[in-house]
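Participant: 3D model of this:
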Amino acid sequence: MRRLAELANFQSCTAVLELGCGTGRFARKLLSQSLPESATYLGVDVSLKMATLARKRLSTWSPRARVLLIEPPADSIPADDGVFDRVVATYVFDLLSPPHTEALIDECFRVLAPGGLMALASLTHGTTPMSRLVSSTWQAVAERWPGLVGGCRPIEVLHYFDAKRWAIEHSEVMVRFGVPSEIVIARRNEVIDETFLPPNV
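Facilitator: Take a look at the predicted model:
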């Protein structure tokens, strides 16, 4: 989480969206240590319990920090186009199906301003002998008894980013206590919608 915060350069942003904000612990660190005093924060979560805890934890920064409860499958973000310059998600996409992941990344592209950053951390496949053992065991359990691991499983989230829409600024796998995590920092490109181009362009 510290590495993700360093790479995302939250000190220079004006509006942050966090997907799956949980209890608001990461948001509190951002608001107290990283974000400018003028920056706004919006956290969304599908759990009423998590959203309630996050609202209480972030009440000091109200009204510039808000938390919204959204309905699953949560592939629609309640925000206008291009209103954020950072979108962050920690251990969210490893809970989602591939179609849901694609839809949510499309939504993140929509709500990010051109040049904005998407910062992700997800459970991934191992890169060392120990982390490979951990991730392969985790994968096997997730396939057979998904409830035992909360439905999450190792993924490669980098593969979901379309090169026409996103510029990958950083990608790495970090291993902590044998558990591998993938960190991705992707910048939203300015994309021309070809459906509106005149003929022969």
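Participant: ok, which stretches of this protein are strands?
Facilitator: Using DSSP state E, the strands of the chain run over residues 15-19, 40-45, 65-69, 84-90, 112-123, 166-176, 179-188.
Participant: I'd like the average pLDDT over stretch 135-143.
Facilitator: For stretch 135-143, mean pLDDT is 89.
Participant: quick check: residue 82 touching residue 109?
Facilitator: No. Checked against CB atoms under 8 Å, the pair residue 82 and residue 109 is beyond contact range at 9.8 Å. (Each C-beta comes from the backbone N, C-alpha and C, glycine too.)
Participant: can you list the weak-confidence ranges in this protein?
Facilitator: Across the chain, the ranges flagged by pLDDT under 70 are 73-74, 191-201.
Participant: just the helices in it please.
Facilitator: For the chain, the helices defined by DSSP state H occupy 2-8, 25-29, 48-57, 98-111, 129-144.
Participant: tell me which residue is most central in this structure.
Facilitator: residue 89 (2.1 Å; CA atoms, centre = their mean).
Participant: can you name the residues bridging to that residue?
Facilitator: Beta bridges link residue 89 to residue 19, residue 120, judged by DSSP bridges.
Participant: so who does it touch?
Facilitator: 18-20, 118-121 (CB atoms under 8 Å, 6 or more residues apart in numbering).
Participant: which one of those residues has the most neighbours?
Facilitator: residue 120 (28 neighbours; other CB atoms under 10 Å).
Participant: my guess is that residue contacts residue 181, does it?
Facilitator: No. Contact criterion CB under 8 Å: residue 120 and residue 181 do not qualify, at 9.9 Å.
Participant: thinking again about what came up before, look at residue 82 and residue 109 and report which has more neighbours.
Facilitator: Using other CB under 10 Å, the more surrounded residue of residue 82 and residue 109 is residue 109, with 21 against 14.
Participant: from residue 61, how far off is that one?
Facilitator: For residue 109, the distance to residue 61 equals 27 Å [CB to CB, to the nearest Å].
Participant: now residue 157
Facilitator: As for residue 157, its distance to residue 61 is 29 Å (criterion: CB to CB).
Participant: which of the two has more neighbours?
Facilitator: Comparing residue 157 with residue 61 by other CB under 10 Å, the one with more neighbours is residue 157, at 23 against 20.
Participant: that one and residue 182 touch, don't they?
Facilitator: Yes. The criterion here is CB under 8 Å, and residue 157 meets it with residue 182 at 5.9 Å.
Participant: what sits in contact with each of the two?
Facilitator: With CB under 8 Å, 6+ apart as the test, residue 157 and residue 182 both reach 120, 122, 124.
Participant: count of neighbours near the second one?
Facilitator: Spelled out, it's residue 122. Counted by other CB under 10 Å, the residues lying close to residue 122 total 25.
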